[in-house]
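**Q** Structure for the following, please:
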Amino acid sequence: MNVGVIGAGSWGIALTVLLNKNGSKVTVWSKFEDEVKMLSEKREYADKLPGVKIPETVDFTTDLEATVKNNEVLIMAVPSTFVRGTAHLMKDYVKDGQIIVNVAKGIEENTLMTLSDIIEEEIPQAKVAVMCGPTHAEEVGRGIPTTIVVGAREQSTAKLIQDLFMNETFRVYTSPDVLGMEIGSSLKNVVALAAGIADGLGYGDNTKAALITRGIAEISRLGIKMGGKAETFAGLTGIGDLIVTCASMHSRNRRAGILIGQGKTMKEAMDEVKMVVEGVYSAKAAMQLARKYEVELPIIEQVNEILFNDKPAAEAVRDLMIRDKKIEIGDGFEQ
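**A** Sure thing, here's the model as predicted:
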């Protein structure tokens, strides 16, 4: 198929290389002329995906109208904070029923909308799907075996995208639980910040396991209350995505957290990582959702305190540890 990738970051480029390998004709759009020139000439994004070669058959352009109109499927691969603005620019060029696959992760802070909701609001004539899971661009670009999930309201849309992406190193599952997938993939970035902060403080594997396990409990509580399915949070876009983001140095959220745990400010950490740290933008939205749905998110709450209220990281960990006593599983005690 003819596929347009909207956004030339590391994830957009990794998916471009994958789609090209699968036989699709891919055009990548970026609003930055210098980025388009560099990628067209060097055929590699050395700063973000070193060693991943981009085939000569991939085209790069700053022409958004042509990219949208000349391709059957569009992959929305811009950072979450730019999804609404980019969708607004695209809306007049998108045909009725044209498929847009969002691969960014996040929740809009001022509206609390998921990214697929934003795209549907801006481009109501499109068929919007999402794709997420435990997938670092650095590994997908190199063809390392990876699994992912595509979520869509219509099974036919999900299957089309599954066929488009799936190959011997990239296994694609389908799901109708778009909301659950997006909540899991957004909030795991906040927990990954916490995991990185713990690493920066010098804590160990016990702490990491606790954060991952209690983190998915928080994400599941909120996601189910919002209408997501419990099995989604036990799957690839829930616990799977959380594990890889909390454990890997490919994770920009974990790397930023490590720097914060070592004493840097949020801004200093984001500047050093040199990539968009999505968890910072999802953290406030997560707490607003927690208040709206009356759900406790103690780990995510403490991450907000560290990020936005200058709370010392060690003090935040202490406050988590001395919270009121809780039962992990409450049914089955003999009276």
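
**Q** Could you list every helix and strand that the host helix or strand of residue 314 packs against?
**A** Element membership of residue 314, judged by DSSP states H and E, is helix 313-321. Judged by 3 or more Cβ pairs under 8 Å, 6 or more residues apart in numbering; DSSP states H and E, the packing partners of helix 313-321 are helix 178-200, helix 298-309. To be clear about C-beta, it is placed using only N, CA and C from the backbone, and glycine gets the same treatment.

**Q** and after the longest one, which helix or strand comes next?
**A** Sequence-wise, the next helix or strand downstream of helix 178-200 (DSSP H and E) is helix 205-226.

**Q** What does residue 59 show for phi and psi?
**A** With angles defined as degrees, to the nearest 10, residue 59 sits at phi -100, psi 150.

**Q** That one: neighbour count?
**A** Using other Cβ atoms under 10 Å, residue 59 has 17 neighbouring residues.

**Q** can you tell me how far the residue nearest to it when sequence neighbours are not counted sits from residue 221?
**A** Among residues not flanking residue 59 along the chain, residue 27 sits closest, at 4.5 Å (Cβ to Cβ, 6 or more residues apart in numbering). Remark: distance between residue 27 and residue 221 (Cβ to Cβ, to the nearest Å) = 42 Å.

**Q** the more surrounded of those two?
**A** Neighbours were counted for residue 27 and for residue 221 using other Cβ under 10 Å; residue 27 has more, 21 against 16.

**Q** who's in contact with that one?
**A** Counting by Cβ atoms under 8 Å, 6 or more residues apart in numbering, residue 27 makes contact with 2-5, 58-61, 67, 70-71.

**Q** do that again at 7 Å, thanks
**A** 4, 59, 61, 67, 71 (Cβ atoms under 7 Å, 6 or more residues apart in numbering).

**Q** How about residue 324?
**A** Under the criterion of Cβ under 7 Å, 6+ apart, residue 324 has no neighbours.

**Q** for this protein, what helix or strand is lowest in average pLDDT?
**A** Lowest mean confidence among the helices and strands of the chain (mean pLDDT, DSSP states H and E): helix 266-273, at a mean of 86.

**Q** Buried residues of that helix, list them for me.
**A** Residues 266, 269-270, 273 are the ones in helix 266-273 that count as buried (16 or more other Cβ atoms under 10 Å).

**Q** Helix 298-309 and that helix, what's the angle between them?
**A** Counting by axes from the mean of the first three to the mean of the last three Cα atoms, to 10 degrees, helix 266-273 lies at 100 degrees to helix 298-309.

**Q** who touches the following helix or strand past helix 266-273?
**A** Using DSSP H and E, the helix or strand that follows helix 266-273 towards the C-terminus is helix 278-293. Here helix 278-293 makes contact (Cβ under 7 Å, 6+ apart) with 80-81, 105-109, 112, 186-187, 189-190, 192-193, 222, 225-226, 253, 266, 270, 297, 300-301, 303-304, 307.

**Q** Stretch 161-177 too?
**A** If you take Cβ under 7 Å, 6+ apart as the criterion, stretch 161-177 is touched by 1, 18, 21-22, 24, 73, 101, 129, 131, 140, 143-151, 153, 158-159, 181, 228-229, 232, 236.
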